[in-house]
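Undergrad: Give me a model of this one.
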Amino acid sequence: MAILIIDSVTSSYLKSFIDWSTSSGETANRITDDPLISHNPFKRTRQYIKLEQSFLKQLDENHEVFKNQNRYLFKEKMKLSAEVILDSIPDKISLQLIDEGSIFYIAIKDNLKIYLEHFLIDDYNENDEAIITIFMGDEKVFNYAGEFAEVINEFNKFMASKNITIRQFA
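TA: Residues are numbered from 1 along each chain as shown. Below you'll find the model as predicted:
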């Protein structure tokens, strides 16, 4: 017999979620009917923290390559692309800082493998570029390249068209 211990924050979150789901009839695009599995905000936060730590460590390790770049701006741009990938509620996620000035993400969600390369432009007013490729098993099911905002818009459309869960709030 397993015993589940829930702290007061998690308990409050679950109660609020269940109350909202019951009263609205909405399911918040859950992967499963178990809110602990499908929308665990603590897992998402841990994933983000690990991504940020990895990014900053790699930025420090490659300080010669990125010495003329605005560190704060790069971190803010990393947050944008990390949020997009984390919104797909991945089971696993990693990032690699590429010498050419891009962040390469690999996310695994169910039988999907999502590859996103976010090319960081060292200018706040310039548009970053990105390439995203998604495989379902061994089959490429989505590929798009362009300005970062366009790529993310097309990614979200693809995920919605395939009824693949992404985190959404009203």
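Undergrad: the strands in this protein, which residues?
TA: 92-98, 102-109, 112-119, 129-136, 139-147 (DSSP state E).
Undergrad: could I have the last one exported to CSV, CA atoms only?
TA: Written as CSV, here are the backbone C-alpha positions of strand 139-147 (Å, rounded to 0.1, in the frame of the first residue of the first chain):
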residue,chain,number,x,y,z
GLU,A,139,8.5,10.0,-38.6
LYS,A,140,9.0,13.8,-39.0
VAL,A,141,5.6,15.3,-38.5
PHE,A,142,6.4,19.0,-38.3
ASN,A,143,9.2,21.3,-39.4
TYR,A,144,9.2,25.1,-39.5
ALA,A,145,11.9,27.8,-39.6
GLY,A,146,11.6,31.6,-39.4
GLU,A,147,11.3,34.4,-37.0
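Undergrad: Would you mind getting the angle between that strand and strand 129-136?
TA: Here the directions of strand 139-147 and strand 129-136 differ by 170 degrees (axes from the mean of the first three to the mean of the last three C-alpha atoms, to 10 degrees).
Undergrad: ok, and what's touching strand 139-147?
TA: 127-135, 150-151, 154-155, 158, 162 (C-beta atoms under 8 Å, 6 or more residues apart in numbering). Just so you know, the C-beta spots here come from the backbone N, C-alpha and C atoms, and that holds for glycine as well.
Undergrad: before we move on, what about stretch 94-104?
TA: 51, 54-55, 58-59, 62, 65-66, 69, 78, 81-82, 105-107, 115-120, 122.
Undergrad: 10 Å instead, please
TA: Residues from elsewhere that reach stretch 94-104 (C-beta atoms under 10 Å, 6 or more residues apart in numbering): 47, 50-52, 54-59, 61-62, 64-66, 69, 74, 77-78, 81-82, 85, 105-108, 115-122, 128-131.
Undergrad: Buried members of these into PyMOL, please.
TA: Per 16 or more other C-beta atoms under 10 Å, the buried members of these correspond to this PyMOL selection:
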select buried, resi 47+51+54+55+58+59+66+74+77+78+81+82+85+105+107+116+117+118+119+120+128+129+130+131
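Undergrad: Run through this protein and note the low-pLDDT ranges.
TA: For the chain, applying pLDDT under 70 flags the ranges 1-41, 123-124, 164-170.
Undergrad: Mind naming the longest helix for it?
TA: helix 41-61 (DSSP state H).
Undergrad: In terms of secondary structure, what does that helix contact?
TA: helix 8-24, helix 35-38, helix 71-86, strand 92-98, strand 102-109 (3 or more C-beta pairs under 10 Å, 6 or more residues apart in numbering; DSSP states H and E).
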